[in-house]
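Novice: Sequence isn't available, so here's the structure alone:
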């Protein structure tokens, strides 16, 4: 089936919702106004049950089908923005300094609201659809908070699905793959303590800048020489802070960065090798290391049967030529991984056209993608819960 006529009709209305949310971005769990907007729309649509405060500020709406009792599937959108100053100059640009929807969560919320309105009108399915609006995807592990709050058991969710926009991929297209589709985005920090002193007498110091520079270079051997080349890993040092002036060798240096992996074994390897490399180099030069490694969220792993269901729904909406079922995985992270650990499901990408990239101050969600997104959600729900 092509794009739903009703979804195309809803696009103008959903665009207005999206632009309202874009102009009023909120961060992490502090999405009270966004959640209230979502709650108000769901109640306006006649959704059967609306529950707020899940995972602190998440919202879940339950829509019952006209085909009788049956299973419940979950459809998830994220609501939070990023701590970034917007430079788009659009009429609907962020009105709050230091905050903007630079990842398209405003569009994700609008598309799922559009699907909720359609499903509440038609109810052409059995069982129930849970529309899940999540806070704190951007580093706050809001998905885990909602799972730990009992969302899956409370509503009897049997399967869970997510969707994210993809800049550079044409509007009206989708992309998905079985297995790992998004990486585990971990963080590490190294506090290097040496012996400070006069820059004119380096022989009387344990120079943390020289030692730290060796550590930064050596960490690149984890991907190049430790990990199986067929199993991707990225180790990026993104901060190096040391020193206060030109003639003092600093006592301390701080190094931090990120590790991205698509395999739990490689993830373990990277965590172990960072510590071994840093401690070994530091010890060789008479310095010490205080090492911290934080696992933010796991690899986002699509379950094979549910990936097929999601792909079929997308193909029904836009045609097989417009659905890539073997897209390359991304080394970016996504806390929807926690929901996929709790229930079978799949995560799909929807084309956003030739826009600025995600997390870029010039980014804006492409409203032309809304009708395809609504159509996908509806088709998926009706396929998984047939009357």
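Specialist: That came through, no problem. Keep in mind the model is a prediction, meaning the values are calculated, not measured. Numbering: from 1, shown residues only.
Novice: list the contacts for the residue nearest to the spatial centre of the chain?
Specialist: The centre of the chain sits closest to residue 334, judged by C-alpha atoms, centre = their mean, with a distance of 3.1 Å. Shown in contact with residue 334 (C-beta atoms under 8 Å, 6 or more residues apart in numbering): 137, 162, 164, 182, 297, 300, 347. Placement of C-beta: from N, CA and C, glycine included.
Novice: would the fifth one count as being in a helix?
Specialist: No - when the secondary structure is assigned by DSSP: H, G, I helix; E, B strand; the rest coil, residue 297 falls in coil instead of a helix.
Novice: Touching, it and residue 139? I think so.
Specialist: No - with contact defined as C-beta atoms under 8 Å, residue 297 does not reach residue 139; the gap is 9.3 Å.
Novice: okay, these two: which has more neighbours?
Specialist: Using other C-beta atoms under 10 Å, the more surrounded residue of residue 297 and residue 139 is residue 297, with 22 against 17.
Novice: show me the contacts for the more buried one.
Specialist: Going by C-beta under 8 Å, 6+ apart, residue 297 touches 141, 143-144, 184-185, 333-335, 337-338.
Novice: 6 Å instead?
Specialist: 333, 335, 337 (C-beta atoms under 6 Å, 6 or more residues apart in numbering).
Novice: Residue 339 too?
Specialist: Residue 339 makes contact with 143, 160, according to C-beta under 6 Å, 6+ apart.
Novice: Give me the three-state assignment for it.
Specialist: helix.
Novice: didn't residue 41 look like it was pressed against residue 113?
Specialist: Yes - at 5.3 Å, residue 41 counts as touching residue 113 under the criterion of C-beta atoms under 6 Å.
Novice: Neighbour count: these two, which is higher?
Specialist: Ranked by neighbour count (other C-beta under 10 Å), residue 41 and residue 113 place residue 113 first, with 27 against 22.
Novice: Residue 163 and residue 108: what is the separation?
Specialist: Here residue 163 is placed at a distance of 7 Å from residue 108 (C-beta to C-beta, to the nearest Å).
Novice: typo on my end, residue 173
Specialist: The value you get for residue 173 to residue 108, if C-beta to C-beta is used, is 17 Å.
Novice: Those two - which one has more neighbours?
Specialist: residue 108 (27 against 21).
Novice: average model confidence for the strand or helix carrying residue 59?
Specialist: Assigned by DSSP states H and E, residue 59 belongs to strand 58-64. Taken as a whole, strand 58-64 carries a mean pLDDT of 98.
Novice: what is the mean pLDDT for the helix or strand just after that strand?
Specialist: Counting by DSSP H and E, the next helix or strand C-terminal to strand 58-64 is strand 72-78. For strand 72-78, mean pLDDT is 98.
Novice: And stretch 279-296, by the same measure?
Specialist: Regarding stretch 279-296, the rounded mean pLDDT is 97.
Novice: in that stretch, what counts as buried?
Specialist: 279, 281-282, 285, 287, 289, 291, 293, 296 (16 or more other C-beta atoms under 10 Å).
Novice: Going by distance to residue 194, which of those wins?
Specialist: Closest approach to residue 194 among those (C-beta to C-beta): residue 287, at 4.0 Å.
Novice: Give me the phi and psi angles of the closest one.
Specialist: phi -120, psi 170 (degrees, to the nearest 10).
Novice: Could you check how far it is from residue 206?
Specialist: Relative to residue 206, residue 287 is positioned 5 Å away (C-beta to C-beta).
Novice: what do the two both touch?
Specialist: Each of residue 194 lies in contact with both residue 287 and residue 206 under the rule C-beta under 6 Å, 6+ apart.
Novice: picking that back up, need the contacts of residue 334 in a markdown table with distance to residue 368 and secondary structure, can you?
Specialist: Shown next, in a markdown table, are the contacts of residue 334 (distance: C-beta to C-beta, whole Å; DSSP: H, G, I helix; E, B strand; the rest coil):
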| residue | distance to residue 368 | secondary structure |
| --- | --- | --- |
| 137 | 23 | coil |
| 162 | 21 | strand |
| 164 | 16 | strand |
| 182 | 24 | strand |
| 297 | 30 | coil |
| 300 | 26 | strand |
| 347 | 22 | strand |
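Novice: residues in contact with whichever strand or helix holds residue 268?
Specialist: Using DSSP H and E, residue 268 sits in helix 264-284. Identification of contacts with helix 264-284 by C-beta under 6 Å, 6+ apart yields 184, 188, 190, 211, 214-215, 218, 222, 226-227, 231, 233, 259, 261, 288-289, 291, 293.
Novice: helix or strand for residue 107, which one?
Specialist: Counting by DSSP H and E, residue 107 is part of helix 105-122.
Novice: so what's residue 343 closest to, chain neighbours aside?
Specialist: Residue nearest to residue 343 in three dimensions, not counting chain neighbours: residue 160, with 4.7 Å by C-beta to C-beta, 6 or more residues apart in numbering.
Novice: For residue 187, which non-adjacent residue is spatially closest?
Specialist: Once flanking residues are discounted, residue 187 sits nearest to residue 294: 4.5 Å by C-beta to C-beta, 6+ apart.
Novice: Would you confirm that the one you found contacts residue 189?
Specialist: No - contact criterion C-beta under 6 Å: residue 294 and residue 189 do not qualify, at 8.1 Å.
Novice: Who does the closest residue to residue 345 other than its chain neighbours form a beta bridge with?
Specialist: Using C-beta to C-beta, 6+ apart and skipping the chain neighbours, the partner closest in space to residue 345 is residue 160 (3.9 Å). Under DSSP bridges, the beta-bridge partners of residue 160 are residue 74, residue 345.
Novice: pLDDT wise, what is residue 2 at?
Specialist: Residue 2 carries a pLDDT value of 64.
Novice: I should have written residue 358 there, sorry.
Specialist: Note for residue 358: predicted pLDDT of 97.
Novice: what secondary structure does it sit in?
Specialist: Secondary structure, three-state DSSP: residue 358 is coil.
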